[in-house]
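**Student:** Here is my input, please return the structure:
(chains A and B)
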Amino acid sequence: QQPVQSPQAVILREGEDAVINCSSSKALYSVHWYRQKHGEAPVFLMILLKGGEQKGHDKISASFNEKKQQSSLYLTASQLSYSGTYFCGTDNTGGFKTIFGAGTRLFVKA
Amino acid sequence: EAGVAQSPRYKIIEKRQSVAFWCNPISGHATLYWYQQILGQGPKLLIQFQNNGVVDDSQLPKDRFSAERLKGVDSTLKIQPAKLEDSAVYLCASSLDPGSSYEQYFGPGTRLTVT
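**Tutor:** From the prediction side, this is the model:
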């Protein structure tokens, strides 16, 4: 079951914040977040495991709400380098299969 | 540490022809994935290997796609015969373990155009 990401696209000015949501119709065991720049391979950002933990590094963090079956990625004080497509990958099987969403396109302008 | 290697980077073929892609995962990674990424969409898992064995191939169109992982290291993905709708980027990824608590490392991908 493919997770649903929202919004589909967002345009920011440098320094602005953004939130990207990832929702699943089934119980979540883990959520992966990746960023893909145009013409490049997806690059790992973080994994959140069942238990509702919040993770972060630098100005990018994420939360995992088990009850709501969703995760949110928070980008604060955005930089030009944050531009790209953000994918969430969810595991509903209990540990072995990650299915990716359609992606959220983020464009940061100066 | 060397990343995931893939070749070729680009391939253009006519429909009904065959094509093969090669992937060399990060050393020591037991799990290898092949994804198909159509323009504007997220990666779609085609097949997942754990060492030599197949963990999941439920979305692999087995009438035309095949994949193998030799000696638990390198892998090849083949399409025969190709269709126009196979035009996509084929991504190979590897991870230390099949569990979803492990991050996946992606290769640069092979961009396939079927004309």
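**Student:** pull the helix or strand with minimum mean pLDDT from chain B.
**Tutor:** Here the helix or strand of chain B ranked lowest by mean pLDDT, DSSP states H and E is strand B:53-56, holding a mean of 90.
**Student:** ok, it: who's next to it in the sheet?
**Tutor:** Strand pairing for strand B:53-56, determined by DSSP bridges: strand B:44-50 (antiparallel).
**Student:** returning to that earlier point: tell me which helix or strand comes right after the least confident helix or strand of chain B.
**Tutor:** Using DSSP states H and E, the helix or strand that follows strand B:53-56 in sequence is strand B:65-69.
**Student:** and stretch B:52-59, how far apart are its ends?
**Tutor:** 19 Å (C-alpha to C-alpha, to the nearest Å).
**Student:** scratch that, stretch A:82-102 is what I was asking about
**Tutor:** 18 Å.
**Student:** if you average pLDDT over it, what comes out?
**Tutor:** Average pLDDT, stretch A:82-102: 89.
**Student:** Could you check that stretch against chain B for contacts?
**Tutor:** Yes. On the criterion C-beta under 8 Å from any C-beta of the partner chain, stretch A:82-102 is in touch with chain B at A:87, A:91, A:93, A:95, A:96, A:97, A:98, A:99, A:100, A:101, A:102. The C-beta positions use only the backbone N, C-alpha and C, and glycine is treated the same way.
**Student:** Is it correct that residue B:115 is in contact with residue B:16?
**Tutor:** No. Residue B:115 is beyond contact range of residue B:16, at 10.9 Å (criterion: C-beta atoms under 8 Å).
**Student:** quick one: stretch B:84-104 to chain centroid distance?
**Tutor:** 7 Å (C-alpha atoms, centre = their mean, to the nearest Å).
**Student:** In ChimeraX, how would I pick out whichever of the residues of stretch A:82-102 next to chain B are buried, leaving the exposed ones unselected?
**Tutor:** Command for ChimeraX that selects the buried part of the residues of stretch A:82-102 next to chain B, burial taken from 16 or more other C-beta atoms under 10 Å in any protein chain shown:
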select /A:87,91,95,96,97,98,99,100,101,102
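**Student:** so which two of the residues of stretch A:82-102 next to chain B are the farthest from each other?
**Tutor:** For the residues of stretch A:82-102 next to chain B, the farthest-apart pair by C-beta to C-beta is A:95 and A:102; their separation is 23.5 Å.
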